[in-house]
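*Asks:* sequence and computational prediction follow.
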Amino acid sequence: MLIDFLFVLVGGLKFGAIYALGAIGLVVIHKATKTVNFAHGALIMLGAYVTFFLLELFKLPYWAVYVLAPTLVGAVSAFLEFAILRPIRRADMFIVIIATVFLAIALQEAVRLPYDVEMLAVAAVLEGDPLFLGDLIITQESMWIIAGAFLFAILGALLFAQAGLGRSMRAMAQNIRGAQLCGYSVDGVYVFAWFVGGGLAGLAGVFSAPSLGVSPELMVATIVPAFVAAVIGGFDSLRGAILGGLILGILENVAAAYISAGLKSAISFLILFAVLMIRPEGLFPEGRVRKV
Amino acid sequence: MKRDGTGFRELAAPVLLVWAGAAASLFFDRYTQYVAALLLVAIMVGVALVILVGLARMITLAAGAMMGLGAYGTAAMMVHLDAPFLVGVAFGTALGALGGLLLGLPATRFRGHHLAMVTMVFQFVVIIVISEWDSLTGGVEGLRMPQATIAGYALKADWEYVVLIAFFAGLSILFAGILIRGHFGKALKAMSATEVGAEAFGINVAGYQVMAFVISSAIIALGGALFAPEIRILDPDQYGILTSVLMLAYPIVGGMTSLWGGIIGGGLLRAGPELLRVVDEYQELVYAAIVIAVIVFLPGGLVELYSRVAAALGVKRTKAPPPDRPSAPIRAAALGRVAGTHPLSDPKGLVALKTAGVSKSYGSLKAVSAVDLTVAAGSLHGLIGPNGAGKTTFFNTISGFIPADEGTIEIFGRRMADEPARTRIRFGVARTFQNVAVYRTLSCLDNVIIGLGENDVVASLWHSIDEAVGGRASRGRRELALNALDAVGLANVADEAAGSLSLGNQRRVEIARAIVSKPKLILLDEPVSGVGAEEEERLKELLRSLNRELGVTMFVIEHNIRFVVDLCERLSVMSNGRIIAEGAPAEVIKSADVRRVYFGEG
């Protein structure tokens, strides 16, 4: 009994870690540019495709993929900011959101061009013997995803919080004119935020490629959990997004195991709706702003 | 006789054009007719989304779900209850309207990305329910649509569906056109220009948003219901998130704020995939690229492209805009007409506004603390105070935008218990805004018509119909508004967009909008901030004569001391959330207390 539950828990942690990584990128972009990127799932999907290409076609080792894939996806993301979102920065927020929705569709269709198959498979990172913790069996792959994805998510969050960049991004999101007057380059920071956010999405793609499979469906399969994790966290809290990813991953797996498999897809929507209705500021909001 | 209504021609033209297109398809093969039916449904979706996305500015990722509700509602009625086709269609449409209500009620709390997510949740939940509820919907296997018959006549051929759908598409376009061009659409435009400014004149923003959801969902569901027999086997995928996203593009590509935008966007974008069969694989990529290109390069959509091209070719005669200058400071005759045949009874001696112990705190900051203030009816009463004195907060508690923590507010003896700002107009209170809050995209005339305050959601639907047929009531409203514009000297720019006027004239539009409902009390929030000295003088004359001719009480917050001392009969001074002095203006500003806190003397 307990062992079954632990097994479910580990499965939940594994997906939770990927969700957290996805959500962090979303939050970084939102914090810096006040834009919610509906193309984020498509960037994660792109990361998974890049993983496939580098690994299976170029036969690169996995460590190289972990460096190259985030860099490439980050570059694509920065380019999208530069080429498409910059010209409409002054438009209604509403238009920007719609633009990212269609960017998502465009990216999803673009990856179909070279390989129009439903699902591509990539090898696991670690294929050694599983670990036996008493009766609990954990594959090395799961261990790596849980440890690695969380590590990167936390690193990303720390980097953002500590670096001067984090401060300039936050300054800009609060008051774009003020930040400009203080000598911050808005264009530079926007592109950089999209690069970092996109890079984190690419990383999430590398982590999800072996376990979720490489397919255009990955776009929807990851955007919804990333949103839910970010919303649980309050959309502006990096710590909250990590916790949100964890909570969602575990709840999904518990619901699927103990209630019904069909509930797994519904649970994220239930959580999203419940949090938005009851506590739109999230469960872990970052520092309350005093309204005067 | 000159027709004052929206104009039958403008309403009928799109309907007739769409019907002509549908009729033309009857001369071609079955495939063309099938495509024509598809396009008619897309046009219905396009006009429905112009209302919701373009005018109410609500993002929706749930259009596919609404269409699914229409189709499945129809099919389920026919399969399980043996209902006739048209009964099924009616049920499906009602189901769509109900879906719009269920989504609209929570959705109005959100804007931007939160709203997009809430509608996305609705979209996915509807599809999950359809997929899982096998016994009712056939689940993922699909549901076979029974043979549709109308009064014993079995609909089999594609052309029959073209005729059927064209009939309902025409009605939908007409209905949408009446709403978009009429009072309902104007109220939506007013809301999207300034929600605060809309609420102040009785527009229930949330109510309008819910109604926009209901109406647009019903039209989309009707389209889905009518087309269901052509699909033959319904399956949930057809109504998925991708469908929703693709349909969201209709109003954006066509042009978000006009009926034509919905028609053109829906028609062209739905036709695209059929025409682009050759590039089958890239269809959606091309589609997304087109949408992004329009967003970046052509924010007004194809409708804007048309008017630009037409202007360049000189097809459309563009008359030079009239000079943006008030014709005269005051028009006594017009003023008399605004007052009407029954000028307001002499209100001297009554109390217009009385506050007792009004307080408001933000955290530990006491912005307004126990303010007692009395404004005599018919007077010009000013309120000044240094920055941060709490004037604006106090003003907002009176106008209903901020609930006071403590204290009572009475307007003409009537206690304002936590009533929202939009009800103030019913009690005879109108206001102007420090940062002008005109409805920029509406004409000056329409701004003032909204100022009449008859902006109830349901009433606005009737107003729209009345306007379309040039009814007596809407002609009356128009005349009242013209008089008010004339009274402030703006009759010559009645048809110009309010946002295109100079700041001083936008302030005049606000004043006209405030007086047209013949209020008893007008709250003026810094009426001359940002205007030049000459304009300041003219506005002062205008306010004075309005006060004199209409007998309306005016309560003015102002930074400009010279202006307020000149204008007002009585002056109160606020500092640190309290009233520190009150009396005749010339004496008040001489008092030592006032000089100390306000001018830093002594």
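*Replies:* It's in. The structure displayed is predicted, hence computed values, not measured ones.
*Asks:* close to chain B: what parts of chain A are there?
*Replies:* Proximity of chain A to chain B, by Cβ under 8 Å from any Cβ of the partner chain, involves residues A:36, A:38, A:84, A:87-88, A:91-95, A:97-99, A:101-103, A:105-106, A:108-110, A:112-113, A:116, A:220, A:224, A:227, A:231, A:262, A:265-266, A:269, A:272-273, A:276-277, A:280, A:290-292. C-betas here are computed from N, CA, C, even on glycine.
*Asks:* got the residues of the stretch 151-300 of chain B near chain A?
*Replies:* Residues of the stretch 151-300 of chain B lying near chain A (Cβ under 8 Å from any Cβ): B:241-242, B:245-246, B:248-249, B:252, B:281-282, B:284-285, B:287-289, B:291-292, B:295-296, B:299.
*Asks:* minimum distance to chain A, which residue of the stretch 51-200 of chain B gives it?
*Replies:* Going by Cβ to the nearest Cβ, chain A is nearest to residue B:113 of the stretch 51-200 of chain B, at 3.5 Å.
*Asks:* show me what contacts that residue?
*Replies:* Shown in contact with residue B:113 (Cβ atoms under 8 Å, 6 or more residues apart in numbering or on different chains): A:36, A:38, A:93, A:97.
*Asks:* repeat that for residue B:212.
*Replies:* When contacts are taken as Cβ under 8 Å, 6+ apart, residue B:212 is in contact with B:51, B:52, B:55, B:56, B:58, B:104, B:188.
*Asks:* my guess is the first one contacts residue B:188. True?
*Replies:* In this case it means residue B:51. Yes: between residue B:51 and residue B:188 there is a contact at 7.4 Å, judged by Cβ atoms under 8 Å.
*Asks:* how about residue B:597, nearest residue that isn't a chain neighbour?
*Replies:* The shortest distance from residue B:597 to any non-neighbouring residue, by Cβ to Cβ, 6 or more residues apart in numbering or on different chains, is to residue B:575 (4.3 Å).
*Asks:* for that neighbour, give its distance to residue B:588.
*Replies:* 12 Å (Cβ to Cβ, to the nearest Å).
*Asks:* can you tell me how far residue B:229 is from chain A?
*Replies:* Separation of residue B:229 from chain A (Cβ to the nearest Cβ, to the nearest Å): 29 Å.
*Asks:* doesn't residue B:89 make contact with that residue?
*Replies:* No: counting by Cβ under 8 Å, no contact exists between residue B:229 and residue B:89, whose distance comes to 9.9 Å.
*Asks:* lowest-pLDDT helix or strand in chain B?
*Replies:* helix B:332-339 (a mean of 66; mean pLDDT, DSSP states H and E).
*Asks:* next helix or strand past it?
*Replies:* Using DSSP states H and E, the next helix or strand after helix B:332-339 towards the C-terminus is strand B:351-362.
*Asks:* that next one pairs with which strands, and in what direction?
*Replies:* Applying DSSP bridges, strand B:351-362 is found paired with strand B:365-376 (antiparallel), strand B:406-411 (antiparallel).
*Asks:* buried stuff in it?
*Replies:* Across strand B:351-362, burial judged by 16 or more other Cβ atoms under 10 Å in any protein chain shown covers B:352, B:353, B:354, B:355, B:358, B:359, B:360.
*Asks:* over to stretch B:264-283?
*Replies:* For stretch B:264-283, by 16+ other Cβ under 10 Å, it's B:264, B:265, B:266, B:267, B:268, B:269, B:270, B:273, B:283.
*Asks:* CA atoms of the helix or strand harbouring the first one as PDB?
*Replies:* I take that to be residue B:264. Assigned by DSSP H and E, residue B:264 belongs to helix B:259-275. C-alpha atoms of helix B:259-275 as PDB (Å, rounded to 0.1, in the frame of the first residue of the first chain):
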ATOM      1  CA  LEU B 259     -19.600  44.100 -39.000                       C
ATOM      2  CA  TRP B 260     -17.800  43.900 -42.300                       C
ATOM      3  CA  GLY B 261     -14.700  42.800 -40.500                       C
ATOM      4  CA  GLY B 262     -16.400  39.700 -39.200                       C
ATOM      5  CA  ILE B 263     -17.900  38.900 -42.500                       C
ATOM      6  CA  ILE B 264     -14.700  39.400 -44.500                       C
ATOM      7  CA  GLY B 265     -12.500  37.700 -41.900                       C
ATOM      8  CA  GLY B 266     -14.800  34.700 -41.500                       C
ATOM      9  CA  GLY B 267     -15.400  34.300 -45.200                       C
ATOM     10  CA  LEU B 268     -11.800  34.700 -46.400                       C
ATOM     11  CA  LEU B 269     -10.100  32.700 -43.700                       C
ATOM     12  CA  ARG B 270     -12.600  29.800 -44.000                       C
ATOM     13  CA  ALA B 271     -12.200  29.900 -47.800                       C
ATOM     14  CA  GLY B 272      -8.400  29.900 -47.500                       C
ATOM     15  CA  PRO B 273      -7.900  26.300 -46.600                       C
ATOM     16  CA  GLU B 274     -10.300  25.200 -49.300                       C
ATOM     17  CA  LEU B 275      -8.500  27.300 -51.900                       C
END
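*Asks:* confidence score at residue 84?
*Replies:* Assuming you mean chain A. What the model reports for residue A:84 is a pLDDT of 89.
*Asks:* actually, chain B is the one I wanted.
*Replies:* 90.
*Asks:* can you give me the neighbour number for it?
*Replies:* Residue B:84: 16 surrounding residues under other Cβ atoms under 10 Å in any protein chain shown.
*Asks:* sweet, I'm off.
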